[in-house]
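Undergrad: Prediction below, plus the sequence it came from.
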Amino acid sequence: KQEVTQIPAALSVPEGENLVLNCSFTDSAIYNLQWFRQDPGKGLTSLLLIQSSQREQTSGRLNASLDKSSGRSTLYIAASQPGDSATYLCAVRGGGATNKLIFGTGTLLAVQP
Amino acid sequence: SQTIHQWPATLVQPVGSPLSLECTVEGTSNPNLYWYRQAAGRGLQLLFYSIGIGQISSEVPQNLSASRPQDRQFILSSKKLLLSDSGFYLCAWNKELSTDTQYFGPGTRLTVL
């Protein structure tokens, strides 16, 4: 059974700092891994999608890496801003036809101005 | 462009009452549709998914049900709510099962008293 863990559960950093969020998964047989952002009381916004054949994806100040063999992914946020404050969720898509996403419980990020 | 709507945004219901949450997608046809629940302190859990009208698959046994009466409409229902049904319900859609990210709606906050 696939399990996804995110560390740390919460993180507070001063504005301008670079930071790394971690995601680990127990079954390396995945199709892809995604990082989402969730603002309080809101839906999820997709940030980056990494296919199993890829090593990393970049979008603006965000860079996500994937090491499928070790069951790990990181989300790197450069030059953090208060507007980056949110919960960050990673999710892996396993095998089968359902496109079922298994989510971690998230990292709550607070960027202090 | 595609948009996804959910209503109501918030709902407070007594135990034992019925439930109907609605999700609609605009700007696309024949989407895959998903219902997730996010309970306090827990990650998102897939409840139901649908690949077409009238085609519903259940991921977790529970007192909830789902229906897809139209191509872009997905409904989550219950005949009698339980306290444990409280949570944040998210609807999502995508086109390609294997590679596409999922696009989430704004969510419905359900509190069962």
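TA: The structure has been received and is ready for your questions.
Undergrad: is chain B contacted by the helix or strand bottoming out on mean pLDDT in chain A?
TA: Lowest on mean pLDDT, DSSP states H and E among the helices and strands of chain A sits strand A:101-103, with a mean of 89. Yes: against chain B, strand A:101-103 shows contacts by Cβ under 8 Å from any Cβ of the partner chain at A:101, A:103. Using the backbone N, CA and C atoms, a C-beta is placed for each residue, glycine as well.
Undergrad: Report all helices and strands that the following helix or strand past that strand contacts.
TA: Under the assignment DSSP states H and E, the closest C-terminal helix or strand after strand A:101-103 is strand A:107-112. Packing partners of strand A:107-112 (3 or more Cβ pairs under 8 Å, 6 or more residues apart in numbering or on different chains; DSSP states H and E): strand A:10-14, strand A:19-25, strand A:86-93.
Undergrad: Can you report how many residues lie near residue 43?
TA: The chain I'm using is chain A. 21 (other Cβ atoms under 10 Å in any protein chain shown).
Undergrad: My question was about chain B, not that one.
TA: 20.
Undergrad: which residues does it contact?
TA: A:4, A:89, A:103, A:104, A:105, A:106 (Cβ atoms under 8 Å, 6 or more residues apart in numbering or on different chains).
Undergrad: now do 6 Å
TA: Counting by Cβ atoms under 6 Å, 6 or more residues apart in numbering or on different chains, residue B:43 makes contact with A:103, A:104, A:105.
Undergrad: Not counting its neighbours along the chain, what's nearest the last one?
TA: This points to residue A:105. Excluding the flanking residues, the one nearest residue A:105 by Cβ to Cβ, 6 or more residues apart in numbering or on different chains is residue B:43, at 4.5 Å.
Undergrad: distance between stretch B:53-67 and the chain's centre?
TA: 10 Å (Cα atoms, centre = their mean, to the nearest Å).
Undergrad: which bits of chain B sit near chain A?
TA: B:43, B:44, B:46, B:49, B:90, B:97, B:101, B:104, B:105, B:106, B:107 (Cβ under 6 Å from any Cβ of the partner chain).
Undergrad: Report the two of these separated the most.
TA: Put simply, by Cβ to Cβ the two of the residues of chain B next to chain A set farthest apart are B:97 and B:106, 23.7 Å from each other.
Undergrad: Helix or strand: which one has the residue nearest to the spatial centre of chain B?
TA: The centre of chain B sits closest to residue B:35, judged by Cα atoms, centre = their mean, with a distance of 3.0 Å. According to DSSP H and E, residue B:35 maps onto strand B:32-38.
Undergrad: Let me see the residues that make contact with the helix or strand following that strand.
TA: For strand B:32-38, the following helix or strand on the C-terminal side (DSSP H and E) is strand B:44-52. For strand B:44-52, contacts defined as Cβ under 6 Å, 6+ apart pick out A:98, A:100, A:103, B:32-38, B:56-60, B:66, B:68.
Undergrad: Nearest residue to residue B:54 in space, ignoring adjacent ones along the chain?
TA: In space, residue B:54 is closest to residue B:68, 6.2 Å off (Cβ to Cβ, 6+ apart).
Undergrad: roughly how far is stretch B:86-105 from the heart of the chain?
TA: In terms of Cα atoms, centre = their mean, the centre of stretch B:86-105 is found 9 Å from the chain centre.
Undergrad: Just the buried positions in it, please.
TA: B:86-94, B:97, B:100-105 (16 or more other Cβ atoms under 10 Å in any protein chain shown).
Undergrad: from the chain's centre, how far out does the least confident helix or strand of chain A sit?
TA: For strand A:101-103, the distance to the chain centre is 11 Å (Cα atoms, centre = their mean).
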